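Novice: Need a 3D model of the following:
(chains A, B, C and D)
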There are 4 protein chains.
Amino acid sequence: MSPDGSSDESYAYLGPELTFTESALLTVPGAAQARRVPATSVNAALQLVLDGEVGAAMVPIENSVEGGVTATLDAIAVSDELRIIREVVVPVRFNLLARPGTRLEDVHLVATHSHAIAQCRGWVDEHLPAAEYLPSSSTAAAGVALTGPGPWPWDAAICAPVVGERYGLAVLAEDIGDRTGAVTRFVLVSRPRPLPPRTGSDKTTIVVPLPDDHPGALMEILGQFSARGVNLSRIESRPTGAYLGDYFFSIDAEGHLEDARVADALAGLHRISPATRFLGSYPRADDGIPSVPRHHRDQAFEDADRWIRSLGAGKIQSDTAER
Amino acid sequence: MSPDGSSDESYAYLGPELTFTESALLTVPGAAQARRVPATSVNAALQLVLDGEVGAAMVPIENSVEGGVTATLDAIAVSDELRIIREVVVPVRFNLLARPGTRLEDVHLVATHSHAIAQCRGWVDEHLPAAEYLPSSSTAAAGVALTGPGPWPWDAAICAPVVGERYGLAVLAEDIGDRTGAVTRFVLVSRPRPLPPRTGSDKTTIVVPLPDDHPGALMEILGQFSARGVNLSRIESRPTGAYLGDYFFSIDAEGHLEDARVADALAGLHRISPATRFLGSYPRADDGIPSVPRHHRDQAFEDADRWIRSLGAGKIQSDTAER
Amino acid sequence: MSPDGSSDESYAYLGPELTFTESALLTVPGAAQARRVPATSVNAALQLVLDGEVGAAMVPIENSVEGGVTATLDAIAVSDELRIIREVVVPVRFNLLARPGTRLEDVHLVATHSHAIAQCRGWVDEHLPAAEYLPSSSTAAAGVALTGPGPWPWDAAICAPVVGERYGLAVLAEDIGDRTGAVTRFVLVSRPRPLPPRTGSDKTTIVVPLPDDHPGALMEILGQFSARGVNLSRIESRPTGAYLGDYFFSIDAEGHLEDARVADALAGLHRISPATRFLGSYPRADDGIPSVPRHHRDQAFEDADRWIRSLGAGKIQSDTAER
Amino acid sequence: MSPDGSSDESYAYLGPELTFTESALLTVPGAAQARRVPATSVNAALQLVLDGEVGAAMVPIENSVEGGVTATLDAIAVSDELRIIREVVVPVRFNLLARPGTRLEDVHLVATHSHAIAQCRGWVDEHLPAAEYLPSSSTAAAGVALTGPGPWPWDAAICAPVVGERYGLAVLAEDIGDRTGAVTRFVLVSRPRPLPPRTGSDKTTIVVPLPDDHPGALMEILGQFSARGVNLSRIESRPTGAYLGDYFFSIDAEGHLEDARVADALAGLHRISPATRFLGSYPRADDGIPSVPRHHRDQAFEDADRWIRSLGAGKIQSDTAER
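Specialist: You can find the predicted model right below:
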């Protein structure tokens, strides 16, 4: 199996079928032909990985409308044996689905996942002002159930378009999300394995416990990145659960562990917060290339290291210092 | 009505009755005698405030187990007309409740709020490994429903102890939360009014949009506080929803707007992120007194301002500069 | 008398006549017609100001070849009653002068000021390798003496060209400074008076004692400037003389006390180092205009101050916060 | 010859004999028996080292009254082939010396080095208010000359006490320095050789050109030290001479190149300012031991490096990350 999980692999994912998570998984090369196991929760999906039942699991980690998917952030933060090996960004579109024959004015109770209702709140308040909302365990579950025998108390479901196509449900309204352009970010998580190779457009995810409670502690953490010119594309605070005010930070940094500036920043983090966890370096979904000033590039690190090594021996500096 | 909402007031709160939020509200002086309106969501409770239907609303904002209550953070972040005037910290205890006669081994389906199940996951996995979980709109709703005619598909509910006491439900297990000492923090929110007076043990809540996407932007924000010796007791990143990677920060800082160091830090924030929002200064629930070095105290700010004003006129500096 | 000392004034300067300092003074409007008093030292010139004998004194403060003129830096650092009101930059050119009839090969002993010999070292080592050097109290003194009765032990003097012209000395070599383009910066110093008006191309000089001996103390000082986008055009450390390692910093910052960012930075400095001294805001000799980002301009400070003032009263923020 | 130059060595020093510099040299083990060559200037002394005429040279580098000895700072800053291998701190005491029979009231002209007159200015102004001052090339030269045939125009000299003792001059006044407790710091400079071993009480001297002219450049330099908990005991700005406002910084940091935090800070400096020069690590004269927090000690660096190396291979982190 290759480091990025692209072949000869089996997968878990946050189920059920026909959710955005399965769509994300299907973008992985070979996943369409691989064994795919839907799990009932993020934790269950990750447990299948830890137990060796599957090679990797696709789980949501960030949603441009709803924010960090906290179950994923927390689960991967505490395990020593999980690594992110790939990220996938999927556009999010919602349809309002119902049994054939249902009219919009017949809809009194709408079922969907709580994240989905939040993303369609504007449309629902305008077009179904009197309807009640029922939380379901997934968007797909709410729709699929409508095709079964029932009786189910809800009249319509907010789901991914694929649910309607697959099960022949009526589309009462299309693309009802409040934000066009909404996306969700997913990560493919495996047990530790050799890192996907550096591509030049990479991302590194880490978890840093806040070392103590003084005004500068978070600044010290951030300073490790800015001092090496490493951009952060995501930073989220999460409570450790130990007591109010005890946090860890979940951070995505631009670059790969094999970039000297990233490795140096991580070494600095480890010194000030030794429980810092490395969750993986992997290619960016957006192919963005960071702009790195000369003095933060690998060459500058190599030059500096060579210079330092030359000093102890009593050599003359001029051959290495100036360029 | 006094600035801290302690009398002659009506209140909304995140309902239903018998939740921890109502317990928090009842700690406000006079609230037990005041009109109290349960609302079906944080947004609904805050809307009652904005509409003038009630004077203030009690809503959860931070949970030591589950993290920031994102609906509250997001709702108060975007409104120009909401202010936090008080905070309340309430210990969180859960009981497993059922209809009298139910035995633990009869429990196949447990209903409660998703936050509550997360906080009792360890107990449930150990004692009810085969039970399924059904999300309910509140902990209390899951319990109260068991006292009605039914049929309800679930056999037991995880609720605050008060629900069992009030409705005569059987207590199958007590204090089943995974963490003893868990607490939830609530805030009382009103429309803008004169600030509660400075007590010396105060907290100030603000919302700061990240001005742009360079490595130092968050450091610049944090630097406004650390440069004035202002400790942060909470910092949470939240996506704006505009696009992946666009954040605002919800921050609790130690001190009151009337503390010169806090006002100066806020002025600095406003310059670098002009859409910074002030959400209130109010007494801390824990009565903690921050340790403020001499050069960050009001006297140092007054001395510096007087010195600056003295310079333009061509006066000799010695009378003010040295102390 | 106007704030910039341009009329109806009397002046002291570091003498004797015919030095670069007098040239600097003569660039001040009206100085050619004013009473001009040469002093034997920087301290003597400044004492004439303090005693009210003259209105202002011209003294050197920075030399692009030899560095800070420490006597000036130290003298203005400790007095509460001195202000810089103008700066002048003068190109520095040296000639080798001798009595008529002297040939270059006759020169065995050269007299000049120690700063001047340092600036002509290359030429002297090449063209007069065997000549000895004798320190004189000024460049002009060494040259003028050659016109008197003698006997003087030296054969030639390194002086400003004007000395040769005025006294009819032979020019053995012209423009013998090692660096073409060398300049010296002078400041015009008076007792406190209303500041020269802001021009948009200004400089502010301050003296900041290092508050204590921890790794971040100097960073805190510099942070007061960088946090407000204030560039420094000169920073020099000087020992206080109290003990090894006790420093003050002499700093020129871009901008005028009437620029809000400068006043705010100075207020911050005064808080962390209350003995900070303001030595004046005055037009820059080079007419450079600093590039100030939007959020450090006066408008941003005004907006922030108005916003802060609006918060206490319970007003809605939307009218001022967003722009 | 040992790395600290303590045996079988020959020495140059800033002469002439009987100055404080020779006193400093005589504190070096073995120097009293070694060949000692007085030089007429700091540059001449250092040139003897570069030419291999002597093994090392003692030169002044810092004076608690007069500040950095700029000739030394500048000379060692530009040479690739000089290293500081030892520092010596010598108390500075001045006597007023004259030919036997001279009375204080006979003194009309006093000769000494310009640094010495500056340090005795208070005493001279009080006790010899009418006396003139004549600069001499050294304190000793002014005194020794008084024992020769003359005629010399000066009546008295300010010298180290040893000059009077050795040459039988009359002591008109003792210990006339304005500051009791004044000291001068000297350094012993050699060509590159293996570093003196780490003692735990060490100092490292470097020269850092300011990389460019933005508000944060100096902060970036200082940040390299403070980010690793490295204290600075001296920082002096010096103009490069290229143009007004172009500086380098001469810095003494606490610690030895073999301390991981120092080597890491130097590597960081080299990246942002590649022309940074290392001038040596050597024992501190004051035997002070820096207080280094746990996360800046060698162990923390080793742990962080081992952690970083463990990540790429796909190992589980738990064995190294937590302690």
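Novice: Could you use CA atoms for every contact and neighbour count after this?
Specialist: Fine.
Novice: Work out which residue lies at the spatial centre of chain A.
Specialist: residue A:61 (2.8 Å; CA atoms, centre = their mean).
Novice: That one - that's part of a strand, no?
Specialist: Yes. Under DSSP: H, G, I helix; E, B strand; the rest coil, residue A:61 falls within a strand.
Novice: Could I get the contacting residues of the residue nearest to residue A:254 when sequence neighbours are not counted?
Specialist: Of all residues not flanking residue A:254 in the chain, residue A:203 sits nearest, at 4.7 Å (CA to CA, 6 or more residues apart in numbering or on different chains). Counting by CA atoms under 8 Å, 6 or more residues apart in numbering or on different chains, residue A:203 makes contact with A:252-256, A:281-284.
Novice: Run through the helices of the stretch 201-323 of chain A in chain order.
Specialist: A:217-226, A:260-272, A:298-311, A:318-321 (DSSP state H, counting those that start in this stretch).
Novice: and stretch A:53-73, anywhere near chain D?
Specialist: No. Stretch A:53-73 stays clear of chain D (CA under 8 Å from any CA of the partner chain), getting no nearer than 14.1 Å.
Novice: what's the offset of that stretch from the middle of its chain?
Specialist: The chain centroid and the centroid of stretch A:53-73 are separated by 5 Å under CA atoms, centre = their mean, to the nearest Å.
Novice: what does stretch A:92-101 give?
Specialist: With CA atoms, centre = their mean, you get 26 Å for stretch A:92-101.
Novice: burial count for residue A:308?
Specialist: Each residue near residue A:308 was counted by other CA atoms under 10 Å in any protein chain shown, and the total is 22.
Novice: gap between it and chain D?
Specialist: 6 Å (CA to the nearest CA, to the nearest Å).
Novice: Equivalent analysis for residue A:86, please.
Specialist: From residue A:86 to chain D the distance is 15 Å (CA to the nearest CA).
Novice: hmm, back to that, got the contact list for the residue nearest to the centre of chain A?
Specialist: A:68-70, A:72-73, A:184-187.
Novice: now residue A:173
Specialist: Residue A:173 touches A:95-97, counting by CA under 8 Å, 6+ apart.
Novice: could those residues go into JSON lines alongside secondary structure, neighbour count and pLDDT?
Specialist: Formatted as JSON lines, these follow (DSSP: H, G, I helix; E, B strand; the rest coil; neighbours: other CA atoms under 10 Å in any protein chain shown; pLDDT from 0 to 100):
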{"residue": "A:95", "secondary structure": "strand", "neighbour count": "22", "pLDDT": "96"}
{"residue": "A:96", "secondary structure": "strand", "neighbour count": "26", "pLDDT": "97"}
{"residue": "A:97", "secondary structure": "strand", "neighbour count": "29", "pLDDT": "96"}
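Novice: Could you export these as TSV, including distance to residue C:180?
Specialist: TSV is the format used below for those (distance: CA to CA, whole Å):
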residue	distance to residue C:180
A:95	77
A:96	80
A:97	83
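Novice: mind listing the strands for the stretch 101-250 of chain A?
Specialist: A:109-112, A:132-135, A:156-159, A:170-173, A:183-190, A:202-209, A:232-239, A:247-254 (DSSP state E, counting those that start in this stretch).
Novice: in the fifth one, what's buried?
Specialist: Using 16 or more other CA atoms under 10 Å in any protein chain shown as the burial criterion, the residues of strand A:183-190 that qualify are A:183-190.
Novice: what packs against that strand?
Specialist: If contacts are counted by 3 or more CA pairs under 8 Å, 6 or more residues apart in numbering or on different chains; DSSP states H and E, strand A:183-190 sits against helix A:20-26, helix A:42-50, strand A:56-63, strand A:83-91.
Novice: Among these, show me which one is buried the most.
Specialist: Comparing these by mean neighbour count (mean count of other CA atoms under 10 Å in any protein chain shown), strand A:56-63 ranks first with a mean of 26.
Novice: got the CA coordinates for that strand in PDB?
Specialist: Extracted as PDB, the C-alpha positions of strand A:56-63 are listed here (Å, rounded to 0.1, in the frame of the first residue of the first chain):
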ATOM      1  CA  ALA A  56      -7.800   4.200   6.800                       C
ATOM      2  CA  ALA A  57     -10.900   6.300   7.600                       C
ATOM      3  CA  MET A  58     -12.400   9.300   6.000                       C
ATOM      4  CA  VAL A  59     -13.900  11.800   8.500                       C
ATOM      5  CA  PRO A  60     -15.000  15.400   8.300                       C
ATOM      6  CA  ILE A  61     -12.700  17.900  10.000                       C
ATOM      7  CA  GLU A  62     -13.700  21.400   9.000                       C
ATOM      8  CA  ASN A  63     -16.900  22.900   7.600                       C
END
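Novice: So stretch A:296-310, near chain B or not?
Specialist: No. Judged by CA under 8 Å from any CA, stretch A:296-310 stays clear of chain B, getting no closer than 13.1 Å.
Novice: Get me the contact residues on the stretch 151-300 of chain A for chain D.
Specialist: A:192-195, A:220, A:227, A:257, A:263, A:266-268, A:270-272, A:274-278, A:295-296, A:300.
Novice: quick one on the thing from earlier: please identify the most buried of the helices of the stretch 201-323 of chain A.
Specialist: Of those, helix A:260-272 is the most buried (mean count of other CA under 10 Å), at a mean of 24.
Novice: Tell me the buried residues within the contacts of residue A:203.
Specialist: Using 16+ other CA under 10 Å, the buried ones in those are A:252-256, A:281-284.
Novice: for the residues you listed, which one is nearest residue B:79?
Specialist: residue A:252 (29.5 Å; CA to CA).
Novice: for that closest one, what are its contacts?
Specialist: So residue A:252 contacts A:203-206, A:232-235 (CA under 8 Å, 6+ apart).
Novice: Leaving out sequence neighbours, find the closest residue to it.
Specialist: Per CA to CA, 6+ apart, closest to residue A:252 is residue A:205, 4.4 Å.
Novice: Same check on residue A:263?
Specialist: Per CA to CA, 6+ apart, closest to residue A:263 is residue A:257, 5.3 Å.
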